[in-house]
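**Student:** coords please:
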Amino acid sequence: MPDNTLILLRHAKSDWSGLEADLDRPLNDRGRQQAPLVGRWLGHHVARIDLAVVSPAIRAQSTWSLTAGELDVTPSRVTDDRLYAASSMQLLAVVRELPSMAHTVVLVGHNPGIEDLVAVATGEWVHMNTSAVAVIRFEGVWATAGDMAASLTVFGRPPREIRH
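**Tutor:** Next comes the predicted model:
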């Protein structure tokens, strides 16, 4: 049975200066600089990404677009409304429905759900700043995520704050 890798990516820094609804909040300058750094890090440290599942929030969509722009091969992308303001259990439900042929998946979402999912899946709590990644290796199939052994292999914010 193959291992699966879940990469949790918290959206990049957003702009709070406007009056738009939370769902429509864009990235700020710092966020537009952060996201490509994540893409470069992923391009150097992850052999292949099969699928990206992204929150519908503008800041999450923009984060993934800028991140994916740094990859040699852009994976398929799906927008999933359930990722917006999701709890760890809601995120885990999404993970359990991932296609079996996708062995490395990026979930682009929001806190506190992203942080909490790391803890639920691995038993380890990590702080997920904006543009932070957590790479989790699962043993078994996605449908049993949360019930199978999982380990946090890498976390932090590229390029410097990555811990193994």
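**Student:** ok, now which ones touch Gly39?
**Tutor:** Applying C-beta atoms under 8 Å, 6 or more residues apart in numbering, we find Gly39 in contact with Leu66, Thr67, Ala68, Gly69, Glu70, Leu71. No exception for glycine: its C-beta is placed from N, CA and C like everyone else's.
**Student:** in which helix or strand would I find it?
**Tutor:** Using DSSP states H and E, Gly39 maps to helix 29-45.
**Student:** avg pLDDT for that helix?
**Tutor:** Computed over helix 29-45, the mean pLDDT rounds to 96.
**Student:** kindly export it (C-alpha atoms) in PDB.
**Tutor:** Only the C-alpha atoms of helix 29-45 are listed here, as PDB (Å, rounded to 0.1, in the frame of the first residue of the first chain):
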ATOM      1  CA  ASP A  29       2.600  43.000  -0.900                       C
ATOM      2  CA  ARG A  30       4.200  40.700   1.600                       C
ATOM      3  CA  GLY A  31       1.800  37.900   0.700                       C
ATOM      4  CA  ARG A  32       2.600  38.300  -3.000                       C
ATOM      5  CA  GLN A  33       6.300  37.900  -2.100                       C
ATOM      6  CA  GLN A  34       5.800  35.000   0.300                       C
ATOM      7  CA  ALA A  35       3.800  32.700  -2.000                       C
ATOM      8  CA  PRO A  36       6.400  32.300  -4.800                       C
ATOM      9  CA  LEU A  37       9.000  31.400  -2.100                       C
ATOM     10  CA  VAL A  38       6.700  28.500  -1.100                       C
ATOM     11  CA  GLY A  39       6.500  27.400  -4.700                       C
ATOM     12  CA  ARG A  40      10.300  27.400  -5.100                       C
ATOM     13  CA  TRP A  41      10.700  25.400  -1.900                       C
ATOM     14  CA  LEU A  42       8.100  22.900  -3.000                       C
ATOM     15  CA  GLY A  43       9.800  22.600  -6.400                       C
ATOM     16  CA  HIS A  44      13.100  21.700  -4.800                       C
ATOM     17  CA  HIS A  45      11.800  19.400  -2.000                       C
END
